[in-house]
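Trainee: any chance you could fold what I've pasted below:
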Amino acid sequence: MKIPIYNQRSEAVGGIFIAELSVLGEDTQSVNKLGTHRDDFYNFFVLTKGKVIMKCDMIDVKISAPGIIVVKPFQIHSPKFVSPDSSGYYISVAPFLVPDNCASVFENMKIANQVNKLDKLQKKDIMETVLLLHRAFQNTTSNKTAIVNGLFSALVYRFVNIYSEANQSASELKNQSTLIYSNFKKLISGSTFLETPSYFAAKLNITTSHLNYCVNISTGKSVTYWLQNAMILEAQRLLYYTENDVKEIAFTLGFEDHTYFSRLFKKITGETPLTFRLKFRE
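Mentor: Here you go, the predicted structure:
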């Protein structure tokens, strides 16, 4: 049996979706209707009341209000328990909208650290931003996508500050595979994601097969996957934030043949660059 992978809801605005959640008066068993699954986007939950237990990559993650939890793209997760009085907000975000410095914080977190309790001041700051984002998402107004995007940018940096403060004192001894994967990710940039795996292995003074082994053990994905992922994220950002045509974007990314870039983009994402751009434009 395959674990299903869900795409973001069609109601998303420019790659961002937010909804108010409450199970008050509902059958709490209905929270399990999605079952065990993966999402190809980030999930952020802000719990304002109640308690929740979520199974994330085989680990039970407990959160009690007020608190936040982030579920990273492609993590296997499912709700295990939601108290009848639970309420809060759910935010889903396309990965290309999460800045690299924020994504690196989330990607390097242990599962147990993906949950954070909020103190009084943190709750105030988070909720002020969440409520503004929720209101902008629901309203029909000019420049809605830009407003929603700007408010999410403020919110994601608030999340990062909270996670960073909570984990800065916890020094974790990383095993070799995790350390090599971490160092590999640091080497990926806009000028290196078209390099071969052997290029990165040489930089790390290890063999290509050992690099692939360490990356696979740490993430379940290959070196090639992460290089393509970095390229696609940058391509999506250029398609989203600029008016450059596909040919210009392909050359900016280092592709000599823009038709090859378009074919690769469609092979990986399932849609052409222009389809992607139109989907996220008002």
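Trainee: my guess is Lys51 meets Gly67, correct?
Mentor: No - using CB atoms under 8 Å, Lys51 is not in contact with Gly67, being 9.2 Å away. Placement of C-beta: from N, CA and C, glycine included.
Trainee: so which helix or strand takes in Phe265?
Mentor: Assessed by DSSP states H and E, Phe265 sits inside helix 258-269.
Trainee: per-domain residue ranges of this protein.
Mentor: The domain map for the chain lists 5-167, 176-279, with the assignment taken from automatic domain parsing.
Trainee: mean neighbour count added to those, as a markdown table?
Mentor: Putting these into a markdown table (neighbours: other CB atoms under 10 Å) gives the following:
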| stretch | mean neighbour count |
| --- | --- |
| domain 5-167 | 17 |
| domain 176-279 | 16 |
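Trainee: TSV please, covering those and showing mean pLDDT.
Mentor: TSV is the format used below for those (pLDDT from 0 to 100):
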stretch	mean pLDDT
domain 5-167	87
domain 176-279	89
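Trainee: show me where the chain has strands.
Mentor: 5-6, 16-22, 38-39, 42-49, 51-56, 59-64, 67-71, 77-82, 87-93, 115-117 (DSSP state E).
Trainee: now the third one, how far from the centre of its chain.
Mentor: If I follow you right, that is strand 38-39. 10 Å (CA atoms, centre = their mean, to the nearest Å).
Trainee: touching, Ile162 and Gln122? I think so.
Mentor: Yes - contact criterion CB under 8 Å: Ile162 and Gln122 qualify, at 5.7 Å.
Trainee: contact partners for Phe74?
Mentor: Contacts for Phe74 were tallied using CB atoms under 8 Å, 6 or more residues apart in numbering; they are Ile5, Arg38, Asp39, Asp40.
Trainee: how about Lys221?
Mentor: Lys221 neighbours (CB under 8 Å, 6+ apart): Val215, Asn229.
Trainee: tell me how far it lies from Asp57.
Mentor: Taking CB to CB, to the nearest Å as the criterion, Lys221 is separated from Asp57 by 14 Å.
Trainee: alright, calling it a day.
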